[in-house]
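> this one's sequence-less:
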């Protein structure tokens with residue numbers, strides 16, 4: 001396009017006004033998003049855990065609310081005849097111009113897509129009308145605030161202990177520490193062990209993100225240490241002790257532990273970010289294996305995560321040739337699950353009908369998945385990406401898979417030329433089904449015990465978050481690459497507080513005891529933990545390890561006690577790192593020894 005022709009295109013006042021309306025809609029969204037993230041600090045300082053959880057849940061819906069507001073405004077103000085193809089093309093050009101100095105341009109582009117895709121037909125979903133590819137660069141965006149994205153500290157000048165204490169106090173939390181000197185000494189001891197025999201180089205620096213990361217009952221300091229050509233990521237969790245004072249609970253520096261902290265199985269962080277792309281870039285230097293889509297998502301920007309994920313998926317399709325097929329494992333009664341072997345995710349479609357004993361509906365299943373999206377997943381429930389009207393190349397589907405989709409979910413499948421359109425699906429990180437994993441480890445006692453221990457721990461942490469899995473069969477749990485057990489089948493989950501945990505009544509007669517049907521009444525929400533063993537513990541080895549670590553799960557008293565604590569308003573502690581990593585807050589002489597993880601390469605070599 002010539003320079004002379006370009007101004008002539010930008011002559012539609014309607015296009016300019018619509019672009020400004022969408023930009024203003026996004027700015028309103030991000031203003032409210034940041035306000036909630038800023039509130040998280042006050043909730044943490046006051047220990048207002050219920051308020052913090054409510055705010056985190058509400059924030060998830062902000063994006064869709066603002067999109068619908070914007071769509072409604074445009075539909076009210078403009079006639080369809082006014083919105084010609086020329087107007088839509090010019091609209092995008094105006095919008096690009098409005099983002100030249102924007103602090104969140106990538107998020108604003110995604111918001112534009114969300115609004116336009118609510119109005120335009122699918123045939124317009126290409127780069128001429130929406131942002132199939134990003135346009136505005138997010139590199140080197142400067143903050144308008146006096147506070148930079150991260151602060152740099154130089155331990156060589158003031159000493160490591162003073163520097164660490166300064167890092168903590170610079171956040172100026174309105175709550176007192178129980179013993180900051182003691183806790184800093186423990187952080188310092190761990191870091192000294194991390195350095196080992198490495199020489200302290202002249203450019204020894206510590207970079208720390210300027211905003212705390214809030215989630216549940218914790219605040220997290222996130223940074224990295226640079227010593228010569230070595231880079232060490234670290235995270236310091238700040239918690240409240242039983243007296244309400246602050247403590248430094250540990251320091252995490254193993255990249256694997258940090259990746260688990262930022263896992264797709266956890267609730268989103270609340271972080272005050274003026275330039276979110278700068279935070280994502282910083283975090284990628286700590287977790288280079290984690291895709292940008294997951295980092296945006298864990299920061300609460302899940303729509304941006306979805307947009308980036310889908311772009312990555314389309315690129316993968318272009319550069320691969322394998323075929324979609326039914327996912328391995330026992331086939332579910334409610335979901336049809338398929339996968340692309342070369343892609344580390346699975347695709348889940350709700351079936352149109354369900355054989356007995358399932359009693360559910362598509363609307364109810366979607367409600368359960370939405371519950372999980374809004375709930376604290378405590379590292380034990382996989383996050384899902386929900387999409388509508390997804391187009392797949394017909395040539396990439398195995399005939400058997402397409403036949404099953406048409407048989408079990410015909411209302412959701414359309415063939416359009418050389419494409420298969422799936423009207424609604426969920427995409428989830430692929431894991432090894434626990435039942436298959438346990439079968440593979442049958443002759444490895446240590447691994448088998450680990451799997452059973454993790455399975456019970458997963459259930460107990462779900463209980464702490466007020467979640468009853470419903471169907472506790474091993475096939476509904478998966479094993480991640482970090483060897484953690486995660487729940488991923490949500491169609492039968494319930495709140496613990498909605499369940500009635502009962503003991504099985506004693507039979508009054510021999511006939512009752514031998515009867516094929518229960519001799520006692522069973523309510524819709526009744527659960528009998530004593531029965532779990534009959535369908536979970538058929539394997540003698542699994543039974544041995546389960547009774548060793550989790551026999552309490554087979555007693556109604558355990559479940560009743562946890563329910564009572566939840567009903568009393570207690571928010572339980574669930575730590576996103578191993579218990580042995582936690583500091584002793586009584587003395588500093590027994591700081592546990594730690595094995596230094598491999599250091600990370602410098603930025604140029606990543």
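Sure thing, it's come through. Everything numeric here is computed off the predicted structure, so don't read it as measured data.
> Check the secondary structure at residue 386 for me.
Following DSSP: H, G, I helix; E, B strand; the rest coil, residue 386 is assigned to strand.
> how about it, what does it touch?
Residues in contact with residue 386, defined by CB atoms under 8 Å, 6 or more residues apart in numbering, are 369, 373, 424-427. Where C-beta positions appear, they are placed from N, C-alpha and C, glycine not excepted.
> Please report the distance of residue 312 from residue 318.
According to CB to CB, to the nearest Å, residue 312 and residue 318 sit 11 Å apart.
> Out of these two, name the residue with the larger neighbour count.
residue 312 (14 against 8; other CB atoms under 10 Å).
> Distance of that one relative to residue 343?
Residue 312 is 9 Å from residue 343, by CB to CB.
> Residue 93 too?
For residue 93, the distance to residue 343 - CB to CB - is 34 Å.
> Where do the strands of the stretch 451-600 of the chain begin and end?
Assigned by DSSP state E, counting those that start in this stretch, the stretch 451-600 of the chain shows strands spanning 467-468, 477-479, 485-487, 494-495, 500-501, 526-527.
> Could you export those strands as TSV, including mean neighbour count, mean pLDDT and distance to residue 257?
Below are those laid out as TSV (neighbours: other CB atoms under 10 Å; pLDDT from 0 to 100; distance: least, CB to CB, whole Å):
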stretch	mean neighbour count	mean pLDDT	distance to residue 257
strand 467-468	22	96	24
strand 477-479	25	96	18
strand 485-487	24	97	16
strand 494-495	16	96	30
strand 500-501	18	96	34
strand 526-527	15	94	34
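> Check which helix or strand the residue nearest the centre of the chain maps to.
Residue closest to the mean C-alpha point of the chain, counted by CA atoms, centre = their mean, is residue 264 at 3.5 Å. Assessed by DSSP states H and E, residue 264 sits outside every helix and strand.
> Could you double-check that it lies in contact with residue 382?
Yes - if you go by CB atoms under 8 Å, residue 264 and residue 382 touch, sitting 6.3 Å apart.
> joint contacts of these two?
Residues touching both residue 264 and residue 382 by CB under 8 Å, 6+ apart: residue 429.
> Quick one, grab the pLDDT at residue 197.
On the pLDDT scale, residue 197 is placed at 77.
> For the stretch 1-150 of the chain, which segments are assigned as strands?
150-153.
> Enumerate the helices of it by residue range, in sequence order.
Listed in chain order, the helices of the stretch 1-150 of the chain (DSSP state H, counting those that start in this stretch) span 5-9, 13-46, 49-60, 62-77, 85-98, 105-119.
> Out of those, which is the most enclosed?
Stretch with highest mean neighbour count among the helices of the stretch 1-150 of the chain: helix 105-119 (a mean of 22; mean count of other CB atoms under 10 Å).
> ok and that helix relative to helix 85-98, angle-wise?
Angle of helix 105-119 versus helix 85-98, following axes from the mean of the first three to the mean of the last three CA atoms, to 10 degrees, is 160 degrees.
> which outside residues touch helix 105-119?
22-23, 25-26, 29-30, 63, 66-68, 70-71, 74-75, 83, 88, 92, 95, 99, 102, 124-125, 129-131, 134-138, 141, 276-277, 301, 303-304, 307.
> what about it, distance to the chain center?
Offset of helix 105-119 from its chain centre (CA atoms, centre = their mean, to the nearest Å): 22 Å.
> What mean pLDDT does that helix get?
Rounded mean pLDDT across helix 105-119 is 94.
> Are any of the contacts of residue 386 buried, and if so which?
369, 373, 424-427 (16 or more other CB atoms under 10 Å).
> which one among these gets closest to residue 357?
Nearest to residue 357 among those: residue 369, at 20.7 Å, using CB to CB.
> that older thread, residue 510: which of the buried ones among the contacts of residue 386 is nearest?
Closest to residue 510, out of all of these and judged by CB to CB, is residue 369, at 45.9 Å.
> Tell me which helix or strand that closest one sits in.
helix 362-374.
> by how many degrees do that helix and helix 49-60 diverge?
Using the same axes, to 10 degrees: helix 362-374 against helix 49-60 is 120 degrees.
> Name the residues of helix 362-374 that are buried.
362, 365, 368-369, 372-373.
> tell me what that helix is packed against?
Helices and strands touching helix 362-374, as assessed by 3 or more CB pairs under 8 Å, 6 or more residues apart in numbering; DSSP states H and E, comprise helix 49-60, strand 345-350, strand 384-393.
> repeat that with 7 Å
helix 49-60 (3 or more CB pairs under 7 Å, 6 or more residues apart in numbering; DSSP states H and E).
> Any idea which of the helices of the stretch 1-150 of the chain gets closest to residue 573?
Using CB to CB, these put helix 49-60 closest to residue 573, at 10.2 Å.
> Touching the closest one from outside, list them.
Residues from elsewhere that reach helix 49-60, judged by CB atoms under 7 Å, 6 or more residues apart in numbering: 33, 36, 39-40, 43-44, 217, 267-268, 270, 300, 373-374, 376, 569, 571.
> make it 6 Å
By CB atoms under 6 Å, 6 or more residues apart in numbering, the residues outside helix 49-60 that reach it are 36, 39, 43, 217, 374, 571.
> Run through who's touching whichever helix or strand residue 315 is part of.
Secondary-structure assignment from DSSP H and E places residue 315 in helix 302-318. Helix 302-318 is contacted from outside by 63, 107, 110, 292-293, 296-297, 343, 385, using CB under 6 Å, 6+ apart.
> same check, this time on stretch 277-284
With CB under 6 Å, 6+ apart as the criterion, stretch 277-284 contacts 106, 138, 149, 273, 292, 295.
> before we move on, the earlier item: for residue 204, which of the strands of the stretch 451-600 of the chain is the nearest?
Nearest of those (CB to CB): strand 485-487, 38.6 Å.
> Look at residue 7 and report its pLDDT.
46.
> average pLDDT for stretch 370-378?
93.
> again with stretch 271-280
If you average the pLDDT values across stretch 271-280, you get 97.
> can you map out the helices along the stretch 501-606 of the chain?
Ranges of helices in the stretch 501-606 of the chain, per DSSP H, counting those that start in this stretch, are 510-514, 532-536, 540-550, 556-567.
> where do the helices sit along the stretch 151-300 of the chain?
155-158, 160-169, 180-195, 255-261, 276-286, 292-298.
> Give me whichever of those helices is most buried.
By mean count of other CB under 10 Å, these have helix 292-298 as the most buried, with a mean of 23.
> got the contact list for residue 493?
368, 467, 469-470.
> er, residue 267 I mean
215, 376-377.
> Of these, which is the nearest to residue 402?
For these, the nearest to residue 402 is residue 377 (32.6 Å; CB to CB).
> picking up where we left off before, now the strands of the stretch 451-600 of the chain in CSV, with distance to residue 204?
Shown next, in CSV, are the strands of the stretch 451-600 of the chain (distance: least, CB to CB, whole Å):
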stretch, distance to residue 204
strand 467-468, 45
strand 477-479, 40
strand 485-487, 39
strand 494-495, 50
strand 500-501, 56
strand 526-527, 56
